[in-house]
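> Please find the sequence and the predicted model below.
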Amino acid sequence: MKFRHHLAACLLALLPTSALACEPPAIFHVPFEARSGAAAPAEIAAFVARTKPVIRSTSLSRGAPGESSMCGGMGYISVEIALPPGAPYTLGEVGAEITLAEGQFYDHVFPKGAVMPVEPGADSLKIGNAWYEGPPPQHKPISAVFNVRLVAPDGTRGPATRVVVKSVPKRTGKAEGVSR
């Protein structure tokens with residue numbers, strides 16, 4: 001598995017930056033469902049009910065000023081989620097979901113419902129997607145707050161970790177950003 005990630009990183013380093021901006025994001029998650037051999041659902045539900053997810057990383061990028069191509073109108077956001085250190089479960093046993101709590105954002109960017117990593121033993125889960133918002137002069141400010149929660153097989157949802165997304169189009173000179 002590590003070899004594939006290193007190989008992919010090496011190949012990506014060889015591509016021009018403009019080619020990367022238009023690549024669709026890789027999807028490394030599937031809809032959440034209980035996997036066979038998982039711990040008892042009641043134990044997982046009790047863990048989830050008291051546990052906030054850890055946000056390992058966040059990123060937000062928007063189209064390049066001066067680019068009138070499709071790439072200039074693309075935005076991308078991702079959130080990498082993990083369980084707290086020492087957690088007795090994996091993200092293959094506990095799902096995660098991201099929901100809009102405040103503000104407005106593109107509906108299709110985050111999956112509806114809980115998801116889990118494709119690889120059952122993965123220690124993190126990256127969720128994100130791209131959207132098209134037109135050339136940079138048409139970009140509107142973004143102000144949104146998302147709740148990130150763990151989800152147990154029985155549907156129990158845990159406390160939220162909030163992710164704040166604020167972005168003013170670059171033409172104003174203000175930087176975009178994501179905070180937690």
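Good, I have the coordinates.

> buried set for stretch 72-81?
Taking 16 or more other Cβ atoms under 10 Å as the basis for neighbour counts, the residues of stretch 72-81 that come out buried are 72, 73, 74, 75, 76, 77, 78, 79, 81. Using the backbone N, CA and C atoms, a C-beta is placed for each residue, glycine as well.

> Give me the lowest-pLDDT entry from the residues you listed.
When those are compared on pLDDT, residue 72 comes out lowest, with 71.

> ok, which stretches of the protein are helices?
Across the chain, reading from the start of the chain, the helices by DSSP state H fall at 2-14, 17-21, 41-50.

> And for the last one, what's in contact with it?
If you take Cβ atoms under 8 Å, 6 or more residues apart in numbering as the criterion, helix 41-50 is touched by 34, 38, 87-89, 93-94, 150-154, 156-159.

> what's the closest of these to residue 114?
Nearest to residue 114 among these: residue 151, at 3.9 Å, using Cβ to Cβ.

> Among the buried residues of stretch 72-81, which one lies nearest to residue 28?
Taking Cβ to Cβ as the measure, residue 78 is the one of the buried residues of stretch 72-81 closest to residue 28, at 10.4 Å.

> Just to check, that closest one is in contact with residue 128?
Yes: taking Cβ atoms under 8 Å as the contact criterion, residue 78 and residue 128 are neighbours in contact, 2.9 Å apart.

> low-scoring stretches of the chain, by residue?
Under the criterion pLDDT under 70, the flagged ranges of the chain are 1-27, 34-39, 64-71, 170-180.

> that older thread, among the buried residues of stretch 72-81, which are located in strands?
74, 75, 76, 77, 78, 79, 81 (DSSP state E).

> Residue 148 reaches residue 100, doesn't it?
No: Residue 148 sits out of contact with residue 100 when judged by Cβ under 8 Å, with a separation of 11.2 Å.

> out of the two, which sits in the busier spot?
Regarding residue 148 and residue 100, a neighbour count based on other Cβ atoms under 10 Å identifies residue 148 as having more, with 24 against 16.

> For that one, give me its contacts.
Contacts were defined as Cβ under 8 Å, 6+ apart; by that measure residue 148 touches 53, 55, 79, 81, 96, 97, 98, 160, 161, 162, 163.

> now it, nearest residue through space, not along the chain?
residue 161 (4.8 Å; Cβ to Cβ, 6 or more residues apart in numbering).
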